[in-house]
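Visitor: Predicted model and sequence below, questions to follow.
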Amino acid sequence: MIYEELLHIKALSHLSNSVKRELAAVIVFEAHPHAGTVLFNQGDEGRSWYIILHGSVDVVIHGKGTVTTLQEGDDFGKLALINDAPRAATIVLRENNCHFLRVDKENFNRILRDVEANTVRLKEHGQDVLVLEKISPTHNVTYSHFKYTVMAGTPQKMLEHLLETRLDGRGGVGGVGGRDSITSSTTDPFLEDFLLTHIVFMPTHQLITELSRHYRIDSPSQDREFLLACKRRVVQFVHRWVITIRHPVFDDPSSLAFLEELATELETDCIQWSSLQEEASLMHHVMSQLRRYQDERALNAGQKWKLPPCGQPISLFSGSNEGRTLIRATDDIIFRVYCADHTYCTLRFHVNTTAETIKLSAADKLKLRHDDLVLVEVKSSGERVVFRDSDVSIPTGLSLNGRIFVSPKDHLDALTCLAEQEGPTEGMDVDLELFSTKELAYHITLFDWDLFWCVHEYELIYHTFGRHHFRQITANLDVFLRRFNEIQFWVVTELCLTPSLSKRVQILRKFIKLAAYCKEYQNLNAFFAIVMGLSNVAVSRLSLTWEKLPSKFRKLYTEFESLIDPSRNHRAYRISVGKLQPPVVPFMPLLLKDMTFTHEGNKTCIDGLVNFEKMHMLAQTMRTIRYCRSRHLVLEPPSPKSEVEVRSYISCLRTIDNQRVLTSLSQKLEPRRS
């Protein structure tokens with residue numbers, strides 16, 4: 001757990017994972033209760049390096065006074081250890097109750113020495129092509145039978161190393177490449193890390209070019225066993241690739257053609273190499289998966305989506321009624337584009353249509369000149385967000401009450417919200433008290449699970465690095481993230497639109513119970529959304545409402561607040577979720593924050609080599625998603641009282657997401673006490 005925490009500390013982001021693992025064994029927690037405490041003085045010998053976990057400190061220099069203030073996540077004291085010099089400043093606690101992580105000088109220097117000694121660099125033509133690090137036998141890691149872990153390398157060399165060391169070239173499919181290989185990430189993550197992240201550093205067309213080259217090696221200087229091993233390893237890699245990545249492999253025309261060619265070549269090779277029969281069986285499994293996928297695609301061909309005024313995109317004319325289907329790049333979506341005078345046109349395009357195409361089509365329909373037009377989202381707050389011409393999946397990425405406008409670039413100030421964007425203005429259409437809280441939680445969880453199930457791990461990469469780099473959509477992730485905001489603002493909206501104090505107390509109690517049931521169902525995304533809705537200033541300031549809430553519910557809410565506490569990088573949540581067994585609907589914004597932290601804190605390439613430690617950290621977050629849904633969601637349904645009404649209600653929650661409006665409504669309900 002300490003090592004996991006260190007992965008998310010800003011001050012350590014530049015260090016390799018092996019250094020962090022070593023630090024986890026020697027790092028010391030240190031707490032000081034009182035502001036004004038001097039941690040060390042300028043001129044003292046440097047004995048420790050500190051990282052601030054909680055609180056802040058002043059950096060004071062003789063003759064200059066306080067030169068800066070360091071906050072949570074910052075570090076200090078390292079320079080004196082590296083240079084073996086006296087302390088350059090005095091450190092004074094700025095507030096009470098400061099927490100630090102401390103690494104002493106001897107351990108710090110030993111770890112840096114050990115890591116350098118255990119690093120192996122492979123060169124070709126005088127240039128580094130692969131950097132490996134020896135795995136210490138003292139590490140309690142399950143993959144220590146692989147003596148070296150990959151730190152960096154060229155894409156081609158890393159793939160070559162992977163094929164030679166992580167896949168079985170001797171026959172038999174019980175190893176990493178075999179049918180039971182889905183569990184091999186617990187024994188060695190290198191293969192799965194590569195599969196989950198190769199799109200960052202080795203696009204699919206490059207990957208299949210290299211795989212084809214390895215499979216077709218036909219050198220007279222190589223013996224028969226070597227050539228056979230190359231073929232085996234490529235087939236095992238492809239099998240693992242397909243079962244790990246699934247539909248993106250089948251959706252890519254280049255990989256689809258490669259699979260067809262490989263299957264045909266392998267069939268021919270089996271006549272000459274009878275010992276390839278087990279690989280032929282693996283390839284048969286791959287092709288059956290492909291045919292099944294193609295059949296499912298045919299069943300849902302022509303799928304269309306409509307963007308309603310509120311709620312999630314609705315599937316129209318879908319061939320399948322079982323649960324929610326994926327939003328695919330080539331699906332059609334029907335949506336409106338508005339002008340400054342609020343006239344609009346209705347368009348129907350593929351989800352992956354660019355903003356430029358939408359803009360030009362809307363301009364034609366609305367009889368606007370094409371000169372200097374931009375496509376814009378106008379949010380309910382009045383904020384305007386201009387889309388780049390290359391942006392895709394525009395309709396699915398809108399904010400809760402956002403609308404698409406087209407406007408001349410110089411007239412953005414003329415764009416105003418539609419009346420409908422402000423959300424509901426009076427009490428509930430449906431009395432929440434008529435619904436069983438458990439039934440609400442049950443159907444919210446089923447609905448959210450379907451949305452979560454549709455999000456592919458690659459969408460996190462596209463979101464983090466930018467969709468335009470991959471020319472891919474993130475529509476399913478967008479819709480799932482939007483659901484979080486929808487639930488959060490639904491909670492605030494319902495409370496702020498309830499004028500009766502006694503009724504408001506009942507609804508507040510119901511939402512706390514709803515959060516409890518969502519937590520019980522392991523729908524942590526909805527749990528977070530509800531509790532964050534209750535902690536919104538428009539709700540938290542309703543002191544009369546909170547005062548009348550029974551103490552049992554106030555206590556429960558306080559417990560929930562401590563679980564969503566963001567301090568120490570959401571430590572309370574991470575510990576709690578670490579104890580859960582799948583299925584889990586995770587708190588997605590935190591996973592995206594982890595991806596962004598890893599991306600921004602670590603270079604993708606260093607000295608011309610792919611920084612594979614960064615890829616490993618990205619893959620760790622993506623693996624969390626895989627783990628959360630490694631079992632299907634099966635919940636005992638509560639006794640149905642109003643199933644149809646509840647399902648309809650939770651699929652299209654009405655919301656006001658303009659904070660200014662919500663605060664104003666709240667102040668009308670309970671004016672400020674003088």
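Guide: Looks like it arrived, so ask away.
Visitor: Where do the strands of the stretch 501-650 of the chain begin and end?
Guide: Along the stretch 501-650 of the chain, counting by DSSP state E, counting those that start in this stretch, strands occupy 605-606, 609-611.
Visitor: typed the wrong thing, it's the stretch 1-150 of the chain
Guide: 28-32, 38-40, 48-54, 57-61, 65-70, 75-76, 90-93, 98-104, 119-124, 127-134, 148-153.
Visitor: Taking strand 148-153 as reference, get the angle to the longest one.
Guide: Here strand 127-134 points in a direction 150 degrees away from that of strand 148-153 (axes from the mean of the first three to the mean of the last three C-alpha atoms, to 10 degrees).
Visitor: which residues are in contact with strand 127-134?
Guide: For strand 127-134, the external contacting residues (C-beta atoms under 8 Å, 6 or more residues apart in numbering) are 16, 18, 115, 118-123, 147-154, 157-158, 161, 607-609. Just so you know, the C-beta spots here come from the backbone N, C-alpha and C atoms, and that holds for glycine as well.
Visitor: Of those residues, keep whichever come out buried.
Guide: Neighbour counting by 16 or more other C-beta atoms under 10 Å classes 16, 18, 115, 119, 148-154, 157-158, 161, 609 among those as buried.
Visitor: Among those residues, which one sits closest to residue 494?
Guide: Closest approach to residue 494 among the buried ones among the contacts of strand 127-134 (C-beta to C-beta): residue 16, at 49.0 Å.
Visitor: Would you confirm that residue 418 contacts residue 344?
Guide: No - judged on C-beta atoms under 8 Å, residue 418 makes no contact with residue 344 at a distance of 9.0 Å.
Visitor: if I look at the two, which residues touch both of them?
Guide: Taking C-beta under 8 Å, 6+ apart as the contact rule, residue 418 and residue 344 both touch residue 338.
Visitor: Have a look at these two and say which one is more surrounded.
Guide: Higher neighbour count among residue 418 and residue 344: residue 344, with 19 against 16, using other C-beta atoms under 10 Å.
Visitor: Can you read off the pLDDT for the more buried one?
Guide: In this model, residue 344 is scored at 95, pLDDT.
Visitor: Over to residue 563?
Guide: 94.
Visitor: And the nearest residue to residue 62 once chain neighbours are set aside, how far from residue 566?
Guide: Nearest non-adjacent residue to residue 62, counting by C-beta to C-beta, 6 or more residues apart in numbering: residue 42, 5.9 Å away. Residue 42 sits 34 Å away from residue 566, going by C-beta to C-beta, to the nearest Å.
Visitor: neighbour count winner among these two?
Guide: Taking other C-beta under 10 Å, residue 42 and residue 566 do not tie; residue 42 has more neighbours (14 against 11).
Visitor: Mean neighbour count, the strands of the stretch 1-150 of the chain: which tops it?
Guide: Highest mean neighbour count of those: strand 148-153, a mean of 22 (counted as mean count of other C-beta atoms under 10 Å).
Visitor: what distance separates that strand from the centre of its chain?
Guide: Centroid separation between strand 148-153 and its chain, computed with C-alpha atoms, centre = their mean, to the nearest Å, is 24 Å.
Visitor: and it, what other elements does it pack with?
Guide: Other helices and strands packing on strand 148-153, by 3 or more C-beta pairs under 8 Å, 6 or more residues apart in numbering; DSSP states H and E, are strand 127-134, helix 155-166, strand 609-611, helix 612-628.
Visitor: Of all the ones you listed, which one comes closest to residue 32?
Guide: Of all the helices and strands packed on strand 148-153, helix 612-628 comes closest under C-beta to C-beta, at 31.2 Å.
Visitor: ok and that closest one relative to strand 148-153, angle-wise?
Guide: Using the same axes, to 10 degrees, helix 612-628 lies at 120 degrees relative to strand 148-153.
Visitor: ok now do the residue positioned nearest the centre of the chain, which residues does it touch?
Guide: In the chain, the C-alpha nearest the mean C-alpha coordinate belongs to residue 592, at 3.4 Å (C-alpha atoms, centre = their mean). For residue 592, the contacting residues are 460, 463-464, 481, by C-beta under 8 Å, 6+ apart.
Visitor: quick one, what contacts residue 660?
Guide: Residue 660 sits next to residue 381 when contact means C-beta under 8 Å, 6+ apart.
Visitor: Kindly provide the whole-number mean pLDDT of the helix or strand containing it.
Guide: Per DSSP states H and E: residue 660 is located in helix 659-669. Taken as a whole, helix 659-669 has an average pLDDT of 97.
Visitor: Which strand residues bridge the spatially closest residue to residue 330 that is not a sequence neighbour?
Guide: Closest residue to residue 330 apart from its sequence neighbours, by C-beta to C-beta, 6+ apart: residue 350 at 5.3 Å. Residue 350 forms beta bridges with residue 332, as assigned by DSSP bridges.
Visitor: Which pLDDT value goes with residue 350?
Guide: At residue 350, the pLDDT value in this model is 95.
Visitor: I'd like to know how far residue 129 sits from residue 610.
Guide: Residue 129 is 11 Å from residue 610, by C-beta to C-beta.
Visitor: list residues touching both of these two?
Guide: Joint contacts of residue 129 and residue 610 (C-beta under 8 Å, 6+ apart) are 153-154.
Visitor: Wait, residue 507 touches residue 437, no?
Guide: No - using C-beta under 8 Å, residue 507 is not in contact with residue 437, being 10.9 Å away.
Visitor: which residues does residue 444 contact?
Guide: Counting by C-beta under 8 Å, 6+ apart, residue 444 touches 487, 514, 518, 523, 526, 650.
Visitor: any idea which of those residues has the most stuff around it?
Guide: residue 523 leads those on contacts (other C-beta under 10 Å) with 31 neighbours.
Visitor: Quote the end-to-end distance of stretch 296-313.
Guide: 21 Å (C-alpha to C-alpha, to the nearest Å).
Visitor: can you give me how far that stretch is from the chain middle?
Guide: Taking C-alpha atoms, centre = their mean, one finds stretch 296-313 lying 24 Å from the centre of the chain it belongs to.
Visitor: Mind listing residues that contact it?
Guide: 314-320, 325, 327-328, 331-336, 348, 351, 395-396, 398, 400-401, 420, 451, 479, 482-483, 486, 651-655.
Visitor: If any of the residues you listed are buried, give me the ChimeraX selection for them.
Guide: Selection of buried members from those for ChimeraX, criterion 16+ other C-beta under 10 Å:
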select :315,318,325,327,328,331,332,333,334,335,336,351,395,396,398,400,401,451,479,482,483,486,653,654,655
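Visitor: Let's see which of the contacts of stretch 296-313 end up in strands.
Guide: If you go by DSSP state E, the contacts of stretch 296-313 have 314-316, 332-336, 348 in strands.
Visitor: Need the residues you listed in JSON lines (columns: distance to residue 370).
Guide: What follows is these, written out as JSON lines (distance: C-beta to C-beta, whole Å):
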{"residue": "314", "distance to residue 370": "32"}
{"residue": "315", "distance to residue 370": "33"}
{"residue": "316", "distance to residue 370": "31"}
{"residue": "332", "distance to residue 370": "24"}
{"residue": "333", "distance to residue 370": "23"}
{"residue": "334", "distance to residue 370": "23"}
{"residue": "335", "distance to residue 370": "20"}
{"residue": "336", "distance to residue 370": "20"}
{"residue": "348", "distance to residue 370": "21"}
